[in-house]
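Undergrad: Turn this into a model:
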Amino acid sequence: MQRLKTMLNSIDHKGYPAYKGLKGSYDFGDYRLGIDKVQGDPFASPSRISLVVPQSTHAIPKEFYEQKHRRIAVEDHLLRLVCRESEPFNFKAKGSGKSGLIAVSRPGQEIVERSACHINAKNGELTVRMSVGFPANGRSINARELGKIFFQFIPEIVHHACCYANIDAQKLQRAADLADDQRYIREQMAEEGILLLLLMDQCCRARMEYPNVQ
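TA: So this is what the prediction gives:
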């Protein structure tokens, strides 16, 4: 973390391409910050970062992610929390172009596996991938504003959205329980052949509606 601060100070007010030198991984104590891709200029697609939070920090019980169906539901719930916690900081850091943008892939209604939020079932590491607009004045680096993102805003997001002690445990439990119910229903439907019957019914309806389609 101190190394990142030193590097930011050294490139302040330089040309925007100097941001490329920040690419790498930085230890913030409670989590690791990875600067994975740096945008070419403040008007280009935003930079991509990753936050790797160890199990010792997030402290989410293993029962929530040991089974795949539960893990996917919990990841979805956490991603929605990250979305919510990120919104107040979006464009709070000032600058030109996409400066100050803080965003994650916003999930829709469906609960599916996404790369934006993933828990490694083996070691418990939680990885969140985000897009960040590195601030600039024109096309000159504004390191002070990027420092706000890295050292003020991101830690707040991790603290409030990724730590079991600070999230609503009952809602997380309901997400996992719902995943259990869904899996059970699907298994029962498969055992009784209901899925096949539904598929056959849909095919019959389609043939009746579109008789010329093979």
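
Undergrad: Keeping just the C-alphas, turn stretch 86-99 into CSV.
TA: The C-alpha coordinates for stretch 86-99 follow below in CSV (Å, rounded to 0.1, in the frame of the first residue of the first chain):
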residue,chain,number,x,y,z
SER,A,86,-20.3,1.6,-4.8
GLU,A,87,-23.0,3.9,-6.0
PRO,A,88,-22.4,6.7,-3.4
PHE,A,89,-18.7,6.9,-4.5
ASN,A,90,-19.3,6.8,-8.3
PHE,A,91,-17.8,10.0,-9.8
LYS,A,92,-17.1,11.4,-6.4
ALA,A,93,-13.4,11.7,-7.4
LYS,A,94,-13.3,14.5,-10.0
GLY,A,95,-11.7,14.9,-13.4
SER,A,96,-12.2,14.7,-17.1
GLY,A,97,-13.8,11.9,-19.2
LYS,A,98,-14.5,8.8,-17.1
SER,A,99,-12.5,10.1,-14.1
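
Undergrad: Double-check Thr57 against Tyr164; I have them as touching.
TA: No - using CB atoms under 8 Å, Thr57 is not in contact with Tyr164; the gap is 9.5 Å. C-beta here means a position set from N, CA and C on the backbone, and glycine is covered the same way.

Undergrad: the strands in this structure, which residues?
TA: Ranges of strands within the chain are 24-27, 32-37, 47-53, 102-103, 117-119, 126-132, 136-137, 140-141, based on DSSP state E.

Undergrad: With distance to Asp181, mean neighbour count and mean pLDDT as extra columns, can I get these in TSV?
TA: Formatted as TSV, the strands of the chain follow (distance: least, CB to CB, whole Å; neighbours: other CB atoms under 10 Å; pLDDT from 0 to 100):
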stretch	distance to Asp181	mean neighbour count	mean pLDDT
strand 24-27	39	14	97
strand 32-37	35	17	98
strand 47-53	28	20	98
strand 102-103	32	20	96
strand 117-119	21	24	97
strand 126-132	24	22	98
strand 136-137	49	20	96
strand 140-141	51	20	96
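
Undergrad: Now tabulate those strands in a markdown table and tack on distance to Ser10.
TA: Formatted as a markdown table, these follow (distance: least, CB to CB, whole Å):
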| stretch | distance to Ser10 |
| --- | --- |
| strand 24-27 | 14 |
| strand 32-37 | 15 |
| strand 47-53 | 18 |
| strand 102-103 | 24 |
| strand 117-119 | 33 |
| strand 126-132 | 20 |
| strand 136-137 | 16 |
| strand 140-141 | 10 |
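
Undergrad: Please consider this matter closed, and thank you.
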